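J.: Quick one, structure for this:
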Amino acid sequence: MRAVIQRVKEAKVSVEGELVGEIGPGLLILLGAGKGDTPREAEWMAEKVANLRIFPDTQGKFNHSLLESGGQALVVSQFTLYADIKKGRRPSFIQAAPPEVAEPLVEQFASGLARLGIKVASGKFGAMMDVHLINDGPVTIILDSAQL
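T.: Now for the predicted structure:
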């Protein structure tokens, strides 16, 4: 699995003009599942994201995690994180997991965050979504379960 994690002051996602998920301070997580990903990767990613120390302490140092800061998470599925652009000009997405595999993994990731006590909102799997955010920092981290 791959994630682009952005620290935000607030974020929301809508589908066809309808708000489907919204958070205050916390993390916007763009999440993609790749071929071969399993529930093990989803659980590892949830634990890792929840405990990343990317929130500032009183001295401005990255010493607090999402759990410690009381932040929220907005999870938005994004298969395009598996784009291969080595050849030609049009990306190939053959390394992305098929929807019937990816959707349960994205849901398991979000559920894993919730089990850890994080308030979680989500986009709508497979939909064209409008994502709005106010970046905080900006702080953006790329995480790949291949690092597992």
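J.: Now stretch 44-63: average pLDDT?
T.: Per-region confidence: stretch 44-63 scores 96 on mean pLDDT.
J.: How about stretch 91-106?
T.: For stretch 91-106, the mean confidence score works out to 97.
J.: Kindly provide the whole-number mean pLDDT of stretch 9-18.
T.: Mean predicted confidence for stretch 9-18 is 98.
J.: residues making contact with that stretch?
T.: Stretch 9-18 has contacts (C-beta atoms under 8 Å, 6 or more residues apart in numbering) with 19-26, 28, 74, 76, 121-124, 127-136. C-beta: built from backbone N, CA, C; applies to glycine.
J.: Buried residues in it, which are they?
T.: Glu10, Ala11, Lys12, Val13, Ser14 (16 or more other C-beta atoms under 10 Å).
J.: between those residues, which is closest to Val4?
T.: Comparing the buried residues of stretch 9-18 against Val4 with C-beta to C-beta places Ala11 closest, at 12.5 Å.
J.: and that closest one, which of the three is it?
T.: Per DSSP: H, G, I helix; E, B strand; the rest coil, the secondary structure class of Ala11 is strand.
J.: Tell me what it is bridged to.
T.: Per DSSP bridges, the residues bridged to Ala11 are Ile23, Leu133.
J.: Gly137 falls within a strand, correct?
T.: Yes. Counting by three-state DSSP, Gly137 is located in a strand.
J.: Identify the spatial nearest neighbour of it, chain neighbours not counted.
T.: The spatially closest residue to Gly137, leaving aside those adjacent along the chain, is Arg7, at 5.4 Å (C-beta to C-beta, 6 or more residues apart in numbering).
J.: So the one you found: helix, strand or coil?
T.: strand.
J.: and it, what does it touch?
T.: With contact taken as C-beta under 8 Å, 6+ apart, Arg7 is in contact with Gly26, Leu27, Ile54, Phe55, Asn135, Asp136, Gly137, Pro138, Val139, Thr140.
J.: Distance check, it against Val15.
T.: Going from Arg7 to Val15 by C-beta to C-beta, to the nearest Å gives 24 Å.
J.: what does Ser77 give?
T.: Ser77 is 12 Å from Val15, by C-beta to C-beta.
J.: which residues are common contacts for the two?
T.: Contacts common to Ser77 and Val15, judged by C-beta under 8 Å, 6+ apart, are Gly123.
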